[in-house]
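> Build me a model from this:
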Amino acid sequence: MDLIETAVRFFQNGGVFMYPIVVIFVLGLAVSIERIAFLRRTHARNHALWNEVVNDIASGNTQAARAHVEQSQAPLAPVLSFGLERSGAAASRQDVELAMEEALMEVMPRLERRTPFIFVFANVATLLGLLGTIIGLIQGFTAVANVNPAEKANLLSTSISVAMNTTAFGLMCAIPLLLIHAWLQARTTEVVDALEMTTVKFLNLIARDAR
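Residues are numbered from 1 along each chain as shown. Sure thing, here's the model as predicted:
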């Protein structure tokens, strides 16, 4: 609560650059929420699809496995689809592996989509804060140039305070976005690693089933 009150106070005491910083922060949060929900949904769908395919292949029902893959919206689905299609053509393990790697390369951009925007938003919020501070200082020093010497100190301190609030607010918006970006990158890497591990498990499962 104190942090929110501090952010509100900085916003109220800042200049016009506070508004674009808020817009950038809201956009960054929106993308972050969408990416977090997408990655969680992806993990759940991939896990559910893999369990179904494993049971189907273990029971020798390849047609059921293909049906589950075709009906699924999980990013794992096209990877398994390529593997099932190529394995059904009596291809070698290397051919199946190459086909699944090709599908994986097509899936990866979907997992990483829009995540770099969060890093960009964080940098823009920081730069807007610095720009607001610089412009505020320029305006402050320009304003005190023609005033009474007795009023210069008070007017200059007020201008500097307003200018520094912009930088502080920009950093308060940028830091959470940077942390979220780092977490999303780590989470995306985990999902990609899980897909690659599932590919190996599928190849081993097909090889064992073919014996």
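> The lengthiest helix in the chain packs against which elements?
In terms of residue count, the longest helix belonging to the chain (DSSP state H) is helix 149-210. Applying 3 or more C-beta pairs under 8 Å, 6 or more residues apart in numbering; DSSP states H and E, one finds that helix 149-210 contacts helix 2-13, helix 18-58, helix 76-87, helix 93-112, helix 115-143. Using the backbone N, CA and C atoms, a C-beta is placed for each residue, glycine as well.
> so of the ones you listed, which one's packed in deepest?
Most buried of the helices and strands packed on helix 149-210 by mean neighbour count (mean count of other C-beta atoms under 10 Å) is helix 76-87; its value is a mean of 22.
> what's the average pLDDT for it?
For helix 76-87, mean pLDDT rounds to 84.
> Show me what that helix is in contact with.
Under the criterion C-beta atoms under 8 Å, 6 or more residues apart in numbering, residues 45-46, 49-50, 53, 62, 65-66, 69-70, 95-96, 99-100, 102-104, 106-107, 195, 198-199, 202-203, 206 lie in contact with helix 76-87.
> so how far is that helix from its chain's centroid?
Helix 76-87 sits 27 Å away from the centroid of its parent chain (C-alpha atoms, centre = their mean, to the nearest Å).
> And for stretch 177-186?
Its chain's C-alpha centre and that of stretch 177-186 lie 6 Å apart, by C-alpha atoms, centre = their mean.
> neighbouring contacts of that stretch?
Applying C-beta under 8 Å, 6+ apart, the contact partners of stretch 177-186 are 25, 28-29, 32, 35-36, 39, 115, 118-119, 121-122, 125.
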